[in-house]
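Undergrad: pasting the sequence and the predicted coordinates here, then a few questions.
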Amino acid sequence: MLFLTHSAGFTHSVVRRATQARLAYAEVQLTEAAKGRMTITATQDCGDINAENLKRFDAVLFYTTGELPIPKSGQQALLDWIRAGGAFAGSHSATDTFYEFPGYMDMVGGAFAGHPWHKEVGVRVEESGHPAVAHLGSSFKITDEIYQFENFRRYPLRVLMTLDPDSIDDIQKGRRKDGDYALAWCKDYGEGAMFYTALGHREDVWSDPRFQEHLMAGIEWAVAAPSESIPAPAGAQVLFDGTNLDGWKQKSGDQVAGWKIEDGAMVSSRSGDIVTRKEYGGPFLLHVEFFVPITPTTNGWQDRGNSGVYVQGRYEVQVLDSYGLTLRAGDCGAIYGKHIPVVNASRPAGRWQSYDIEFTPPSVSEEVTKMAKSRMSVWHNGVRIHDDVEVDSPTAAGMGGEPGIGPIMLQDHGHAVRYRNIWLLPR
């Protein structure tokens, strides 16, 4: 793993080197903690972030500040490397860096917005089964500088632990209106993965075995980049949990959905499109996991694991084997026929993938003909591929009906595409 501790802004004491020949405190502690698990190459040279050098590493860890002197070629190389299967990890000030690099900020999931607290606090573990926090129990206490974040959105991130507001008497110092002070999170990023922890300001934190295991296990999780189902959050409506199709029916009429269930996934079986029995307005976030089958390389463009997720039955996000291709408006992740993904975040056919679709429905005025357009943001395997784009009309093969409400539809295009873990979170 490459451990970058360049300080272009504030220099934290844990990464201050007495001389360039001597490692900083955090570098020493991590090197010791990683023995037998991972080889650490510590550097303060931003020139090490380039396409050729990144090929040497399975993971990169940032503990950096300020606008890093990495050229645009190096910036792009970093994101490309993660999307291609690299593991990115960040500690503490990795969110207080690269503000002028939007792709980085979007990848890391939040931006430093101050540290209201530096004291002993309680921390709640939110996903106790994740290896980065499995050793911490349901809660613990620690003394550290505690960050708050802007441009942070809980979903589609996976928040692993958060500040317990009841553990401190001055929670009002925080500026988040939602009171959500997450302290560690992770997500897929194309074929790779990202892990971030806000802890790590103090020397005694870096020498704390709990923090060392938290950081190492989080990095190892990102290196493994497992194809895991994302737990449905509190308040979500589960549309498919792998056990039955009671909430689904055929697109036409009221017939029971004809798709099969195999190993906790529903499988398209040439019986036609299916829709949820319930209709949804919005706004909402829709999470869908899908598996495109491997097809013969001689198959035509649209004959490679074709299906689609239709929001409100009208707006299709295409499902297709588009791995490694230059994308068109009919490829995987496209809002079919209307918007091409800004980047190809597909995994190879034969691996599970995910969509997180944030949908804002059209608003209808007193005159129905004067209607605002639907808007969508889409994350494909954790990578934002559409950012609040306008969808001016239904896509091809969409359903009719009253604007602003409709079911979730899954397209049967004749291929054995699988779906699992589908949930919808009202906004």
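TA: Cool, the structure landed. Since the structure is predicted, the reported quantities are computational estimates derived from the model, not experimental observations. Numbering: from 1, shown residues only.
Undergrad: spatially nearest residue to the residue nearest in space to the middle of the chain (excluding sequence neighbours)?
TA: By Cα atoms, centre = their mean, the chain has its centre lying nearest to G382, at 3.3 Å. Of all residues not flanking G382 in the chain, D188 sits nearest, at 3.8 Å (Cβ to Cβ, 6 or more residues apart in numbering). C-betas here are computed from N, CA, C, even on glycine.
Undergrad: name the element that neighbour belongs to?
TA: Secondary structure from DSSP states H and E places D188 in strand 182-189.
Undergrad: contact partners of that strand?
TA: For strand 182-189, contacts defined as Cβ atoms under 8 Å, 6 or more residues apart in numbering pick out 82-83, 88, 107, 109-110, 123, 130, 132-133, 146-147, 149, 152, 154, 156-163, 193-199, 214, 218, 221-222, 225, 354, 381-383.
Undergrad: how about 6 Å then?
TA: For strand 182-189, the external contacting residues (Cβ atoms under 6 Å, 6 or more residues apart in numbering) are 82, 109, 157-163, 194-198, 381-383.
Undergrad: stretch 139-155 too?
TA: Contacts of stretch 139-155 (Cβ under 6 Å, 6+ apart): 110-118, 120-124, 174, 176, 181, 198-199, 201-202, 205, 285.
Undergrad: now that stretch: mean pLDDT?
TA: The average pLDDT for stretch 139-155 rounds to 97.
Undergrad: what comes up buried for the lengthiest helix in the chain?
TA: Assignment by DSSP state H gives helix 209-224 as the longest helix of the chain. Using 16 or more other Cβ atoms under 10 Å as the test for burial, helix 209-224 gives 211-223.
Undergrad: take those and lay them out in JSON lines including distance to G47 and pLDDT.
TA: Putting the buried residues of helix 209-224 into JSON lines (distance: Cβ to Cβ, whole Å; pLDDT from 0 to 100) gives the following:
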{"residue": "F211", "distance to G47": "29", "pLDDT": "99"}
{"residue": "Q212", "distance to G47": "28", "pLDDT": "99"}
{"residue": "E213", "distance to G47": "32", "pLDDT": "99"}
{"residue": "H214", "distance to G47": "30", "pLDDT": "99"}
{"residue": "L215", "distance to G47": "25", "pLDDT": "99"}
{"residue": "M216", "distance to G47": "26", "pLDDT": "99"}
{"residue": "A217", "distance to G47": "30", "pLDDT": "99"}
{"residue": "G218", "distance to G47": "26", "pLDDT": "99"}
{"residue": "I219", "distance to G47": "23", "pLDDT": "99"}
{"residue": "E220", "distance to G47": "27", "pLDDT": "99"}
{"residue": "W221", "distance to G47": "28", "pLDDT": "98"}
{"residue": "A222", "distance to G47": "23", "pLDDT": "98"}
{"residue": "V223", "distance to G47": "24", "pLDDT": "98"}
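Undergrad: now distance to S229 too, for the residues you listed, in JSON lines please.
TA: Listed next are the buried residues of helix 209-224 as JSON lines, based on distance: Cβ to Cβ, whole Å:
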{"residue": "F211", "distance to S229": "28"}
{"residue": "Q212", "distance to S229": "28"}
{"residue": "E213", "distance to S229": "24"}
{"residue": "H214", "distance to S229": "23"}
{"residue": "L215", "distance to S229": "25"}
{"residue": "M216", "distance to S229": "24"}
{"residue": "A217", "distance to S229": "19"}
{"residue": "G218", "distance to S229": "19"}
{"residue": "I219", "distance to S229": "22"}
{"residue": "E220", "distance to S229": "19"}
{"residue": "W221", "distance to S229": "15"}
{"residue": "A222", "distance to S229": "17"}
{"residue": "V223", "distance to S229": "20"}
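Undergrad: in contact with V238, which residues?
TA: Listed by Cβ under 6 Å, 6+ apart, the contact set of V238 reads A232, W423.
Undergrad: repeat for V15
TA: Counted by Cβ under 6 Å, 6+ apart, V15 has contacts T5, A24, A26, Y63.
Undergrad: most widely separated two among those residues?
TA: Maximum pairwise distance in the contacts of V15, criterion Cβ to Cβ, is 9.1 Å, between A24 and Y63.
Undergrad: when the two are compared, which one has more neighbours?
TA: Y63 (26 against 23; other Cβ atoms under 10 Å).
Undergrad: what does the pLDDT read for that one?
TA: Per-residue pLDDT puts Y63 at 99.
Undergrad: tell me what the nearest residue in space to T41 that is not next to it in sequence is bridged to.
TA: Distances taken as Cβ to Cβ, 6+ apart place L2 nearest to T41, at 5.2 Å, with adjacent residues excluded. Beta-bridge pairing of L2 under DSSP bridges involves T41, V60.
Undergrad: isn't L2 right up against F62?
TA: No: with contact defined as Cβ atoms under 6 Å, L2 does not reach F62; the gap is 9.4 Å.
Undergrad: of those two, who's got more company?
TA: Using other Cβ under 10 Å as the criterion, L2 and F62 rank with F62 on top: 26 against 18.
Undergrad: so the more buried one makes contact with A94?
TA: Yes: between F62 and A94 there is a contact at 4.1 Å, judged by Cβ under 6 Å.
Undergrad: for the stretch 301-427 of the chain, which segments count as strands?
TA: Ranges of strands within the stretch 301-427 of the chain are 307-311, 315-319, 352-360, 374-380, 383-391, 409-410, 418-426, based on DSSP state E, counting those that start in this stretch.
Undergrad: can you check the stretch 51-200 of the chain too?
TA: Under the criterion DSSP E, counting those that start in this stretch, the stretch 51-200 of the chain contains strands at 59-62, 87-91, 111-112, 117-125, 139-146, 149-150, 158-163, 182-189, 192-197.
Undergrad: and V205, that's in a helix?
TA: Yes: according to DSSP: H, G, I helix; E, B strand; the rest coil, the state of V205 is that of a helix.
Undergrad: still on that earlier bit, now the strand holding D188, how far from the chain's geometric center?
TA: 7 Å (Cα atoms, centre = their mean, to the nearest Å).
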